[in-house]
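> Give me coordinates for this.
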Amino acid sequence: MAVIVSGDEETTEQPDQKSDAADSPQDVVEKSIQAWIVVSNFKELQNAVTNASYTSDMPLPEDKNLTGAVSVIYENTLFLSEIAARIFKVVREVMKEHPEFFDTLKWAIQFCQKSESLIDESDRNILDIAAKELNVLPADSSYRNPFDGWQEKIFDEQPKYRYKDFKEEQQRKDE
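Next up, the predicted model:
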């Protein structure tokens, strides 16, 4: 709380009201996906790659701008695929509510999966798990997500975390 003195009068600024509800895992994932799409300008990158007729089974292009676009696509797709593989129940719900996210992620996963040389085996495994969990690829009857149970362990057994509280604590430290 800050005290503001102006002339002879003193006024007290009221602190922001804190919400008792913490962000749910679904809220956190939804915000992460939105940020991923916005920050990486994914639609623009997708259009640039498509307009240049570049496919992921080709060597990296010599055009530095196109190479940058391809790099951002791989980095961000692998990052979000890791989230989708580990927190698949929540990500599925977000994708149902936001089909525009699903279309973008589906394209990105399929784009990266076609690469012959730019991703290694562990990256390919994460992409495959994410693709199966999001129904981008069909999963056979023997498929089992190796991260099954991880989501419950992280979200159900840990104290509730509030992003807003974290940001306020960071701001106090910076002052």
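> longest single helix anywhere in this structure?
The longest helix of the chain (DSSP state H) is helix 64-86.
> Can you pull out the low-pLDDT segments for the chain?
Low-confidence regions of the chain, defined here as pLDDT under 70, cover residues 1-26, 28, 35-40, 151-167.
> follow-up on the earlier one: in terms of secondary structure, what does the longest helix of the chain contact?
helix 25-39, helix 42-51, helix 99-113, helix 121-133 (3 or more C-beta pairs under 8 Å, 6 or more residues apart in numbering; DSSP states H and E). To be clear about C-beta, it is placed using only N, CA and C from the backbone, and glycine gets the same treatment.
> Next, the buried residues of it.
66, 69-70, 72-74, 76-78, 80-86 (16 or more other C-beta atoms under 10 Å).
> Just the buried residues of the helix or strand following it, please?
The helix or strand immediately downstream of helix 64-86 is helix 88-97, counting by DSSP states H and E. The neighbour-count check on helix 88-97 (16+ other C-beta under 10 Å) flags 88, 90, 91, 92, 94, 95 as buried.
> sorry, back to before: any idea which of the buried residues of helix 64-86 is closest to residue 30?
Closest approach between these and residue 30, by C-beta to C-beta: residue 83, at 11.2 Å.
> tell me the contacts of that closest one?
29, 32, 91 (C-beta atoms under 8 Å, 6 or more residues apart in numbering).
> Export only the CA atoms of the longest helix of the chain, formatted as CSV.
Extracted in CSV, the C-alpha atoms of helix 64-86 (Å, rounded to 0.1, in the frame of the first residue of the first chain):
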residue,chain,number,x,y,z
LYS,A,64,17.8,-15.7,-43.7
ASN,A,65,14.2,-14.5,-43.1
LEU,A,66,12.8,-17.8,-44.2
THR,A,67,15.3,-19.7,-42.1
GLY,A,68,14.3,-17.6,-39.1
ALA,A,69,10.7,-18.4,-39.7
VAL,A,70,11.4,-22.1,-40.0
SER,A,71,13.5,-22.0,-36.8
VAL,A,72,10.7,-20.3,-34.8
ILE,A,73,8.2,-22.8,-36.1
TYR,A,74,10.3,-25.7,-34.9
GLU,A,75,11.2,-24.2,-31.5
ASN,A,76,7.7,-23.2,-30.6
THR,A,77,6.0,-26.3,-31.9
LEU,A,78,8.3,-28.5,-29.9
PHE,A,79,7.7,-26.4,-26.8
LEU,A,80,3.9,-26.6,-27.2
SER,A,81,4.1,-30.3,-28.1
GLU,A,82,5.9,-30.9,-24.8
ILE,A,83,3.1,-29.2,-23.0
ALA,A,84,0.5,-31.2,-25.0
ALA,A,85,2.2,-34.5,-24.3
ARG,A,86,2.4,-33.9,-20.5
